[in-house]
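Colleague: my questions concern the predicted model and sequence given below.
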Amino acid sequence: MLNKNNFKIFTKIILCILVFNFFVFPISISFSQDQNVQKINNEIEQKRNTIKQLEEQISEYQKSIDYQKKQSFSLGNQVGILNNEINKLKTETQLKKNQIDEANLEINETENKIATVEENIKTNKKRLTNFIQQMNKMDKKTSIELVLTLDTFSDYYNHLHSLEILQNNTSQSLGEIKEFKSNLEINIANLEKKKKSLENLIAELEEKESSLSSRSYAKQSLLSESRNSESKFQSLVAQLKSEQNSINADIINLEKKIRQKLSGNNDFQALGGSDFMWPVPNRGITAYFHDPTYPFRYLFEHPAIDIKSAQGSPIKAASSGYVAKVSINGTGYGYIMLVHGDGFSTVYGHTSKSFVSEDQFISQGEVIGLSGGMPGTIGSGRLSTGPHLHFEIRKNGIPINPLNHLP
């Protein structure tokens, strides 16, 4: 039989086991029971449904654009294409905004899960610490002391078995806490990915809004120049094609003459080559080299990149060079052409003001003029897609993709 003291010891052991099993062992996390997380999940699902509907609308607009491009070339057709492109871009803007909302909700959801995991780890660490302390107190008694205080060897083995259960449960709980920590690290990594995805979506949204402005300017310019007349539109197209071909031919011929003129000039050896810098800060590209979505592609292949730039922004020489041409005449197409070494030349279009003169050597980074492009302003040309810099890089007179040569 157990005496009074032994009975107290044994009772404490059993009590510890029961309390430990009740409070520590079942330390699982259930996010589904969190009302806040469930609310966020419902909002995410609604956003995804909206996103799906917007994607379907975008697809329909694209089908209309593709169909109209196959039809006869006319003012009505081109305006129809621009209208569909504007509506498509508006819808794409809405899509990006909803995708941003979805990403923010997912970030919110992840942060809630992280907070839940951290709270579970904190709570169970405290409980685990308390039980380890109790276990250590009971474990301080030596085997001889236990044998002397207990009536039978059966009581002694029961005591050892109780300690073993405590130790096993402690190990298991420690393992679960480690698993919680691992899940927390995974959640944090996912959160960082979502934040990066959000940054990309915001950048894409800005690009869509910029493209939308370009299409709106293009439509405005087209209707203004043609005065909504089919015959005037066809005449305008013929004039613009002739003008573009003339400018291109002038640039090619002028470059040949300049290179012949400078061939014996010692200063020519100091001209910059393929080491180009951005002529204006890169705040986004509104039209790419040979861009299939360029709104005036029916006039010519876009031989440049259009860099988003506020009206009147300083333009810097992309490389050291020789000023071959400065052509700024009223609201017609204004541009500056520089000749560089290694067969390269650069053209800066929609220039509203020049700070350089022809037959002048300039250094890389030197301000050569101001950007333009706003319809109806100096240097904008008859058709423009809004404020920007039209930037060309040519090799032996032939336009090449500037993005392949910019840092």
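Modeller: Happy to help now that I have it. Numbers count the residues shown, from 1 in each chain.
Colleague: could you chop this structure up by domain?
Modeller: The chain breaks down by automatic domain parsing into domains covering 4-226, 230-404.
Colleague: and Thr377, helix, strand or coil?
Modeller: Going by DSSP: H, G, I helix; E, B strand; the rest coil, the secondary structure assigned to Thr377 is coil.
Colleague: deepest-packed of the domains of the chain, please.
Modeller: Of all these, domain 230-404 has the most neighbours on average by mean count of other C-beta atoms under 10 Å, namely a mean of 18. For glycine as for every other residue, the C-beta is placed from the backbone atoms N, C-alpha and C.
Colleague: any idea of the mean pLDDT in stretch 373-393?
Modeller: Mean pLDDT, computed over stretch 373-393, is 94.
Colleague: how far out from the middle of the chain is that stretch?
Modeller: Put simply, stretch 373-393 sits 27 Å off its chain's centre (C-alpha atoms, centre = their mean, to the nearest Å).
Colleague: and if you look at stretch 57-72?
Modeller: Here the centre of stretch 57-72 is set off from its chain's centre by 27 Å, with C-alpha atoms, centre = their mean.
Colleague: and if you look at stretch 93-109?
Modeller: 13 Å.
Colleague: correct me if wrong: Gly332 contacts Ser384.
Modeller: No - look at Gly332 against Ser384 with C-beta atoms under 8 Å: they stay out of range, at 11.1 Å.
Colleague: could you look up the SS state of Ser352?
Modeller: The three-state assignment at Ser352 reads strand, by three-state DSSP.
Colleague: what about stretch 362-374, distance to the chain center?
Modeller: 29 Å.
Colleague: make that stretch 398-407, sorry
Modeller: Computed by C-alpha atoms, centre = their mean, the chain-centroid distance of stretch 398-407 equals 23 Å.
Colleague: got the end-to-end distance for that stretch?
Modeller: Counting by C-alpha to C-alpha, to the nearest Å, you get 21 Å between the two ends of stretch 398-407.
Colleague: other residues contacting it?
Modeller: By C-beta atoms under 8 Å, 6 or more residues apart in numbering, the surrounding residues in contact with stretch 398-407 are 274, 276-278, 282, 285, 288-290, 303-305, 318, 391-394.
Colleague: Val79 versus Gly35, what's the distance?
Modeller: Check again: residue 35 is Gln, not Gly. Distance, Gln35 to Val79, using C-beta to C-beta, to the nearest Å: 52 Å.
Colleague: confidence-wise, which of the domains of the chain is weakest overall?
Modeller: Averaging pLDDT over each of these puts domain 4-226 lowest, since it has a mean of 76.
Colleague: for the most centrally placed residue in the chain, give its distance to Ile107.
Modeller: What sits nearest the mean C-alpha location of the chain, by C-alpha atoms, centre = their mean, is Asn200, with 1.8 Å. Taking C-beta to C-beta as the measure, Asn200 falls 14 Å from Ile107.
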